[in-house]
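Trainee: give me a model of this one.
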Amino acid sequence: MRNPFLIGSKVYLRPLDLEDVPVLTTWLNDPEVRRHLLIHRPLSRMAEETFLRKLSESESEFVLGIVVREPEQFIGVTGLRHIDVRNRHAEFGIAIGEKTAWGSGYGTEATRLIVRYAFETLNFNRIWLHVGEDNERAVRVYEKVGFRTEGRLRQDMFRDGRYWDSLVMAVLRDDLRAANQGEGG
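Mentor: The predicted structure is shown next:
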């Protein structure tokens, strides 16, 4: 494992480095990968390097690389944005860029690792996100981890020639605590 920050059974999360930029730009310029992301312009290596440099100094967001443990492979990114220390909440985000890793449970484990870290280490109370109504795979992952739908932003996103609703989802510390007690832990 190279520079692990959070370790799960199948994946670990590590800080991003400038050497990740070529892979990141390849993923983020791939139409299938960026389909459910907010990226709509071509992404250059220079722009991604600038983003990573700013990110390393940010107090309100952090992003970690997702790496499969066996065989070791960098497959995506996840993290928290809009960190609000006073109100103890943040926005969650994830992208699995390596398409061969889709549907393998890696995103679910990475999501669990970040949510647990947010509640148990950062002492947050709420983690929230927006997800497109048509991103059914992501919604299933979020629900599996404990997120609940709180609302719907009507015609919030334009993609594929039409407007789509965004679902507002969140998980509270108490939701996770109740779920863990239900599992006997």
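Trainee: spatially central residue in the protein, please.
Mentor: residue 94 (2.0 Å; C-alpha atoms, centre = their mean).
Trainee: look up how far residue 178 lies from that residue.
Mentor: With distances taken as C-beta to C-beta, to the nearest Å, residue 94 is found 23 Å from residue 178. From N, CA and C alone the C-beta is placed, and that goes for glycine too.
Trainee: ok, residue 163 next?
Mentor: 36 Å.
Trainee: what of residue 144?
Mentor: For residue 144 relative to residue 178 (C-beta to C-beta), the value is 15 Å.
Trainee: for this structure, name the helix or strand with the lowest mean pLDDT.
Mentor: helix 173-182 (a mean of 74; mean pLDDT, DSSP states H and E).
Trainee: residue contacts, residue 111?
Mentor: Neighbouring residues of residue 111 by C-beta atoms under 8 Å, 6 or more residues apart in numbering: 78, 92, 94, 141, 142, 145.
Trainee: just how off-centre is the helix of greatest length in the chain within its chain?
Mentor: Longest among the helix segments of the chain by residue count, using DSSP state H, is helix 106-120. Mean C-alpha position of helix 106-120 versus that of the full chain (C-alpha atoms, centre = their mean, to the nearest Å) differs by 9 Å.
Trainee: among the contacts of residue 111, which one has the most neighbours?
Mentor: Counting neighbours by other C-beta atoms under 10 Å, the top entry in the contacts of residue 111 is residue 142, with 26 neighbours.
Trainee: A helix includes it, no?
Mentor: Yes: applying DSSP: H, G, I helix; E, B strand; the rest coil, one finds residue 142 inside a helix.
Trainee: and it, what is it in contact with?
Mentor: 111, 129, 131, 169, 171.
Trainee: same thing with residue 166?
Mentor: 130, 131, 132, 133, 152, 153, 156, 157.
Trainee: any idea how far residue 120 is from residue 133?
Mentor: On the measure of C-beta to C-beta, residue 133 and residue 120 end up 31 Å apart.
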